[in-house]
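A.B. asks: Fold the following.
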Amino acid sequence: MIQDHTHELKSDRILQYETYETAVTHNGDALEFVPAKYKTDEICTIAVSNCGHSLKYVLNKTLEICMIAVNNDGDALKYIKNKSSKICRHAIKNEPCAIEFVDKNHPRYYRLCKMAIKRDALALRYVENLTEELCEIATRKTKKYREDWDKVSRYIKKKDIILWKRMYL
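C.D. replies: Sure, this is the predicted structure:
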């Protein structure tokens with residue numbers, strides 16, 4: 001009789017696990033409602049594959065899970081504490097404005113800024129201390145598209161406008 005009861009408990013756990021797995025397969029954000037004991041790497045991987053932002057509900061943020069999340073949605077970078085250059089590159093490749101979530105003291109910050117602006121000039125709105133080179137990259141990227149240039153020029157801070165005017169006017 002005890003064996004039957006134990007079997008029922010195992011069956012219930014398996015059924016619950018499968019229910020949570022199905023939920024995050026359909027909507028990664030459902031991970032928020034999955035109890036901690038069911039947040040396995042497998043379930044978390046499924047969740048971040050469907051919705052990178054569900055990384056905020058992952059308890060064990062492995063390198064693999066983080067990579068999947070930022071490849072799905074670059075803005076998931078904001079949920080990662082220790083950001084390697086590799087993770088940052090993947091996030092920025094997916095979403096250039098993810099540069100916003102890179103620590104300004106990151107050893108490769110300037111290089112990552114260049115990468116972001118080359119992919120999308122509007123990413124410069126998140127860059128501190130614009131340089132002549134970064135302004136030039138953004139300008140070259142948007143010169144053809146007047147509406148983009150108007151947006152980009154708004155993000156160049158007043159102190160940087162003197163630099164920009166010297167270069168392009």
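A.B. asks: What's the separation between residue 124 and residue 140?
C.D. replies: Residue 124 sits 12 Å away from residue 140, going by Cβ to Cβ, to the nearest Å. Just so you know, the C-beta spots here come from the backbone N, C-alpha and C atoms, and that holds for glycine as well.
A.B. asks: Which one of those two is surrounded by more residues?
C.D. replies: Neighbour totals were compared for residue 124 and residue 140, and residue 124 leads with 25 against 12 (other Cβ atoms under 10 Å).
A.B. asks: Need the three-state assignment for the more buried one.
C.D. replies: Secondary structure state of residue 124, per DSSP: H, G, I helix; E, B strand; the rest coil, is helix.
A.B. asks: correct me, but it touches residue 117?
C.D. replies: Yes. Assessed by Cβ atoms under 8 Å, residue 124 is found in contact with residue 117 at 5.2 Å.
A.B. asks: residues shared between the contacts of these two?
C.D. replies: Common contact partners of residue 124 and residue 117 (Cβ atoms under 8 Å, 6 or more residues apart in numbering): 134, 138.
A.B. asks: ok, how many other residues are close to residue 67?
C.D. replies: 18.
A.B. asks: Any stretches of the chain with poor pLDDT?
C.D. replies: 1-12, 143-169 (pLDDT under 70).
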